[in-house]
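*Asks:* Fold the following.
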Amino acid sequence: MTHTAVQALEFGAVDGGSLAQGIVATLLFFVVGAVVLSLGFLALDLLTPGNLRRQVYVDRNPNAAILLGANHLALAMIVVTSIMTSADSLGQGLVDSAVYGIIGVVLQAVALRLLDAFVPGHLRNLVNEPRMNGTAWAVGISLVAIGAVNAAALS
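*Replies:* As a prediction, the model looks like this:
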């Protein structure tokens, strides 16, 4: 083997401490994200009629599933952006992500209430309807769009 070929095989130093810190940070940010998504589920459950978990996973109501999926996608965009734009120090970054995530949940809930006020027939009737309704898609896409705006507004 030539000297050049040997150099190509060298990996360089591996910093186990840095790797361990990265793993801990990943796990903690994951927990923050999971908590925010759970809070988003609870907020949506409070704002829609009936038991959302039952409607989606037992009754398989397509309209409830569309709203849940759209709301989770919107909140995920907010959480991802809040993590990516959070402070470099782990503690402050976790707090930043949690606070901005919770603000995102509140803003999504407000948006859903506003959509409910402006959608003819009210959201309650839409969620309880057993057949898929195009309005569920319109409201769901609106929630995703609002989530994207919320995510872009994070500083």
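*Asks:* Now do the biggest helix by length in the chain: distance to the chain's middle.
*Replies:* When the chain is parsed with DSSP state H, its longest helix is helix 16-47. Computed by CA atoms, centre = their mean, to the nearest Å, the separation of helix 16-47 from the middle of its chain amounts to 10 Å.
*Asks:* I'd like the next helix or strand past that helix.
*Replies:* helix 52-53 (DSSP states H and E).
*Asks:* separation between the most centrally placed residue in the chain and Ser38?
*Replies:* Note on the chain: the residue nearest the mean C-alpha position is Ala76, at 2.0 Å, using CA atoms, centre = their mean. Per CB to CB, to the nearest Å, Ala76 is found 12 Å from Ser38. In short, each C-beta sits where N, CA and C put it, glycine included.
*Asks:* With Gly17 instead?
*Replies:* 32 Å.
*Asks:* Same drill for the two, tell me which one is more crowded.
*Replies:* Ser38 (12 against 7; other CB atoms under 10 Å).
*Asks:* I'd like the distance between the more buried one and Arg53.
*Replies:* Distance from Ser38 to Arg53, counting by CB to CB: 12 Å.
*Asks:* what's the answer for Ile23, then?
*Replies:* Taking CB to CB, one finds Ile23 at 32 Å from Arg53.
*Asks:* Show the average pLDDT along stretch 114-128.
*Replies:* In this model, stretch 114-128 carries a mean pLDDT of 81.
*Asks:* How about stretch 52-65?
*Replies:* 93.
*Asks:* Mind listing what's buried along it?
*Replies:* Leu52, Gln55, Val56, Asn61, Pro62, Asn63, Ala64, Ala65 (16 or more other CB atoms under 10 Å).
*Asks:* and Ala153, how many neighbours?
*Replies:* 13.
*Asks:* circling back: tell me the mean pLDDT for the longest helix of the chain?
*Replies:* 92.
*Asks:* on that earlier part again, where do the contact lists of Ser38 and Arg53 overlap?
*Replies:* Residues touching both Ser38 and Arg53 by CB atoms under 8 Å, 6 or more residues apart in numbering: none at all.
*Asks:* any idea which element Ala98 lies in?
*Replies:* Judged by DSSP H and E, Ala98 forms part of helix 90-118.
*Asks:* by contact count, what packs against that helix?
*Replies:* Counting contacts by 3 or more CB pairs under 8 Å, 6 or more residues apart in numbering; DSSP states H and E, helix 90-118 packs against helix 16-47, helix 62-84, helix 122-128, helix 134-153.
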